[in-house]
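J.: Structure of the sequence below:
(one chain, ligands or ions: 1)
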Amino acid sequence: MSAIGQGINRADGRLKVTGQATYSAEHKIPHLAYGMLVLSTVPKGRIAAIDVASIKRMPGVMLVMTHQNALKLPKQNAEGKTGGSGGKEQSKPNQKQQPPNPKMSLLQDDRVEYNAQPVAVVVADTFEHARDAARRLQVRYATQPAQLDFQKAKLKLRRPEPQPERPSDTGRGNVARSMERAAQKLDLLYTTPMENHNPLEPHATIAAWDGDGLTLYDATQNVSGVRRTAAQAFGIDPEKVRVVCPFVGGGFGCKGSTWSHVMLAAMASRMAGVPVKLVLERTQMYGPVGARPLTEQRLRLGASSEGKLLAVSHDTVSSTSFVDDFVEPCTAVTRKAYASESLQTSQRLATLNVGVPTYMRAPGESSGSFALESAMDELAYALKVDPVQLRLTNYAEKEPEKDIPWSSKSLRECYRIGAERFGWARRTPAPGSMRAGRTLVGWGMATASYPANRKGAKASATIDADGSVVVRSGTHDLGTGTYTVMAQIAADALGVDVSRVRFELGDTRLPEAPVSGGSQTVASVGPAVHQAARAARDKLIATALGDSASNLHGMNANDVDAANGWLFAKADPARRDAMTAVVSRAGGQPVSADAEANQGDEKKRYGMQAFGAVFVEVHVDPDLGTIRVPRIVAAYGVGTVINRKTTHSQLMGGIVWGLGMGLMEKTEMDWRVGRAVNANLADYHVPVNADIGSIDITMVDEHDPYINELGAKGVGEIGITGVAAAIANAVYHATGKRIRDLPITPDKLI
Ligand code: MOS
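T.: Got it, this is the predicted structure:
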């Protein structure tokens, strides 16, 4: 039986639940010292004085690194971007749509551009000494006026630098003219708040130098990106840098870039002459390591009286920083969503004295789908048509932006299955018309959507004499199941049981893989693993065919197949040879093969996107405005499902996060000083088990022959998309109140 599709348990599950999985801060390194960041307490200004002397006298303190004494980095890199996740400096052709890393705060000068910016690192012999000393370090600032008012910042809007696939302005047709013909017009404004990532594992780095060689144990979604960044920052050969990360305790985008603390740990280690471990405290996760930016989205829709979209206009303003730009590409989802004869989108930036924002699960698609899918619901009410029907009326049979076919699209099936499993036909459309006792019941739905991304990746496969297989690629497992699904892909390609395959990842000594972001790991690394395993299998077959002692001697390779650890004649499976026997007769040397898998020009010929439909029931207390979500039903077309269990987990995790986005999540900023006030897991609200009811997920059968040889689209991010809108739409259905500002907290309903 094929290993692909099986819902097998995680290969690393036992390690994790028994505490044996080694996370970045847990590597045992001799002579380790402990570094602690000191973060700025003002949003803008210059460091006037730092009282280093008294801190240096504290017990165990080995180093107080400030802008006054910090290692001077090569000039061109000290201020410039570092390109860790794929800047211009790198040659891999397939990585170009990856924007470069943010500029970092590396103590090269006295300027402060945001609150919670790193201003010093204290290194001591124990964690407690380092923390105590860091907390006592007195920094005086010459403050300057900061821009912390989004509405004022909007007066100086900037157009972001366009990136490939991410133009700042797009359009087709003539929106103004189409709008004139529209029987129904809507002009709506949606806002989403700043949000911060809260992976259970905080950012953590251990830096150790050996001469001019640097090893970084780093919590990252991109070991090769961190290597490039470090090599550039220190002006050394990338070969001199090794980055190790076998386990990630959640990433969600915040570990996709290389942030300041990684380089600061390496700088401190160099200066202190010992390995340094630097772990961010939970509170330090709010500021210097990215956040989802604020967005303000204006959606204008024009439709015929039958509900045919004639004009769609989506203008997004998102917040960015003075250090570097980040664009929350909310319009991306709108550009691919519906058939409309005209469309216009724009992305603009409003600059604040905050840390650089960053990717957060479905960056753009989650925030953008809240606006678009809320607006579609508003249009459905305005036209008095069913929300599902409105979407079917405007179904994009072709990729609407480039007018090319989809590689596959099962959205119609998703609407049908989702609606059926939810019982959508029993919905009465009038707001407030469905009740359970005094509780207001609301049913809402939305479309989910996320692009099917892919980049170049390398892998190797080795068959050992005992028949075990080791497959290697420098990718990552963020808790997503990479270890497990890659073993399945390799087992399937090789013809061995999945239990015989070990997958190694998370090390720059392994064949290079791209950033594990953009839901692209399976679609990028999977083909490389498949090809390497196939190549190793073919080598083994060739060895057997040339071996006079083999039952298969002299056969044609095309007539031989492999399964369950055997090579056998397709026409006569009893004629066979054990893989272990082939290897041992050939001298017992492991059989290895490498592969590099790259995308061809498929993306030019086909629109590649995963779609889904999400249906939500909310119960609203009419007096208190509290919202419960007893059930969510969703259906997705994500191509080949490699592992039903881990795929289901990814989609469910995304849905749960979508619920949090809809109802709870918000970084509460004190805008007088630009600092998060709920910077901890107690005050930053995310859903817990008690907030979650039934979640019913269907993965529809979807065959995609174009996307990659596995036919897999990636599932890391689509689950969050559409959920917040479906909740908002259900809340409107329950209460008649349209909330266009996330999160939908009780105060907005009463
Ligand atoms: Mo994901 S936000 O692209 O790591």
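J.: only C-alpha atoms for contact and neighbour calcs from this point on.
T.: Will do.
J.: Around the ligand, which positions in the stretch 351-500 of the chain sit nearby?
T.: 359-363 (CA under 6 Å from any ligand atom).
J.: farthest-separated two in the residues you listed?
T.: Spatially, the most separated pair among these is Tyr359 and Ala362, at 7.5 Å (CA to CA).
J.: which one of the two has more residues nearby?
T.: Using other CA atoms under 10 Å as the criterion, Tyr359 and Ala362 rank with Ala362 on top: 28 against 24.
J.: With adjacent residues omitted, what lies nearest to that one?
T.: Excluding its sequence neighbours, the residue lying closest to Ala362 (CA to CA, 6 or more residues apart in numbering) is Glu717, at 5.1 Å.
J.: and the one you found, what does it touch?
T.: 361-362, 450, 518-519, 650-651, 654 (CA atoms under 8 Å, 6 or more residues apart in numbering).
J.: so which of the residues you listed is the most crowded?
T.: Within those, most neighbours by other CA under 10 Å means Tyr450, with 31 neighbours.
J.: And the pLDDT for that residue?
T.: Note on Tyr450: pLDDT of 98.
J.: can you pull the contacts of it?
T.: Tyr450 touches 333, 362, 365, 609-611, 717-718, 721, counting by CA under 8 Å, 6+ apart.
J.: coming back round to it: could the residues of the stretch 351-500 of the chain next to the ligand go into a markdown table alongside secondary structure?
T.: What follows is those, written out as a markdown table (DSSP: H, G, I helix; E, B strand; the rest coil):
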| residue | secondary structure |
| --- | --- |
| Tyr359 | coil |
| Met360 | coil |
| Arg361 | coil |
| Ala362 | coil |
| Pro363 | coil |
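J.: Show me the strands in the stretch 251-400 of the chain, by range?
T.: 276-279, 295-303, 309-321, 342-352, 398-399 (DSSP state E, counting those that start in this stretch).
J.: Touching the fourth one from outside, list them.
T.: Contacts to strand 342-352, defined as CA under 8 Å, 6+ apart, come from residues 146-150, 153-154, 156-160, 168-175, 178, 310-322, 327, 329-331, 335.
J.: of these, buried ones?
T.: 146-148, 150, 153-154, 157, 160, 168, 170, 172, 175, 178, 310-321, 327, 329-331, 335 (16 or more other CA atoms under 10 Å).
J.: how about stretch 580-590 as PDB, C-alpha atoms only?
T.: The C-alpha coordinates for stretch 580-590 follow below in PDB (Å, rounded to 0.1, in the frame of the first residue of the first chain):
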ATOM      1  CA  THR A 580      19.500  -5.600   1.700                       C
ATOM      2  CA  ALA A 581      21.000  -8.500  -0.300                       C
ATOM      3  CA  VAL A 582      21.700  -6.300  -3.300                       C
ATOM      4  CA  VAL A 583      23.600  -3.800  -1.100                       C
ATOM      5  CA  SER A 584      25.500  -6.400   0.800                       C
ATOM      6  CA  ARG A 585      26.600  -8.500  -2.300                       C
ATOM      7  CA  ALA A 586      27.800  -5.200  -3.800                       C
ATOM      8  CA  GLY A 587      30.200  -4.800  -0.800                       C
ATOM      9  CA  GLY A 588      27.800  -3.300   1.700                       C
ATOM     10  CA  GLN A 589      28.500   0.300   0.700                       C
ATOM     11  CA  PRO A 590      25.400   2.500   1.100                       C
END
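J.: Okay, buried residues for that stretch please.
T.: Buried residues in stretch 580-590, defined by neighbour count with 16+ other CA under 10 Å: 580-583, 586, 590.
J.: ok, those vs the ligand, which is closest?
T.: Nearest to the ligand among the buried residues of stretch 580-590, counting by CA to the nearest ligand atom, is Pro590 at 35.5 Å.
J.: Same list (the strands of the stretch 251-400 of the chain) but as a markdown table, adding mean pLDDT.
T.: Shown next, in a markdown table, are the strands of the stretch 251-400 of the chain (pLDDT from 0 to 100):
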| stretch | mean pLDDT |
| --- | --- |
| strand 276-279 | 98 |
| strand 295-303 | 98 |
| strand 309-321 | 98 |
| strand 342-352 | 98 |
| strand 398-399 | 98 |
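J.: returning to that earlier point: can I get the residues of the stretch 351-500 of the chain next to the ligand in a markdown table with pLDDT?
T.: A markdown table is the format used below for those (pLDDT from 0 to 100):
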| residue | pLDDT |
| --- | --- |
| Tyr359 | 97 |
| Met360 | 98 |
| Arg361 | 98 |
| Ala362 | 98 |
| Pro363 | 97 |
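J.: Tabulate these (a markdown table), appending distance to Phe568.
T.: Listed next are these as a markdown table, based on distance: CA to CA, whole Å:
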| residue | distance to Phe568 |
| --- | --- |
| Tyr359 | 48 |
| Met360 | 48 |
| Arg361 | 45 |
| Ala362 | 45 |
| Pro363 | 48 |
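J.: Any residues of this structure in contact with the ligand? List them.
T.: Counting by CA under 6 Å from any ligand atom, the chain sits next to the ligand at 252-253, 256, 359-363, 517-518.
J.: Repeat the analysis, applying 8 Å as the threshold.
T.: With CA under 8 Å from any ligand atom as the criterion, the chain meets the ligand at residues 221, 251-256, 358-363, 516-519, 716-717.
J.: Please list all residues in contact with the residue in the stretch 551-700 of the chain positioned nearest to the ligand.
T.: Nearest residue of the stretch 551-700 of the chain to the ligand: Gly654, at 11.3 Å (CA to the nearest ligand atom). Shown in contact with Gly654 (CA under 8 Å, 6+ apart): 716-721.
J.: Helix or strand next in line after the least confident helix or strand in the chain by mean pLDDT, which one?
T.: In the chain, the helix or strand scored least confidently by mean pLDDT, DSSP states H and E is helix 75-78, which has a mean of 56. Using DSSP states H and E, the next helix or strand after helix 75-78 towards the C-terminus is strand 111-112.
J.: Surely Leu71 touches Met271?
T.: Yes. Counting by CA atoms under 8 Å, Leu71 does reach Met271; the two are 7.2 Å apart.
J.: Tell me where the longest helix sits in this protein.
T.: Taking DSSP state H as the criterion, the chain has its longest helix at helix 521-545.
J.: C-terminal to that helix, what's the next element?
T.: By DSSP H and E, the next helix or strand past helix 521-545 is strand 560-563.
J.: strand partners of that next one, parallel vs antiparallel please.
T.: strand 566-569 (antiparallel) (DSSP bridges).
J.: ok, now how distant is Arg576 from Lys103?
T.: Separation of Arg576 from Lys103 (CA to CA, to the nearest Å): 59 Å.
J.: Sorry, wrong one. I was asking about Lys16.
T.: From Lys16 to Lys103 the distance is 34 Å (CA to CA).
J.: If you count surrounding residues, which of those two has more?
T.: More crowded of Lys16 and Lys103, by other CA under 10 Å: Lys103, with 20 against 16.
J.: The more buried one contacts Val323, doesn't it?
T.: Yes. The criterion here is CA under 8 Å, and Lys103 meets it with Val323 at 6.5 Å.
J.: Could you list the domains of this protein?
T.: In the domain annotation for the chain, the residue ranges read 25-145+211-242+253-274, 295-453+603-748, 455-598 (automatic domain parsing).
J.: From the chain's centre, how far out is the last one? Work that out for me.
T.: Computed by CA atoms, centre = their mean, to the nearest Å, the chain-centroid distance of domain 455-598 equals 28 Å.
J.: Spell out the secondary structure type for the closest residue to Arg300 other than its chain neighbours.
T.: Nearest non-adjacent residue to Arg300, counting by CA to CA, 6+ apart: Asp187, 4.4 Å away. With three-state DSSP as the basis, Asp187 sits in strand.
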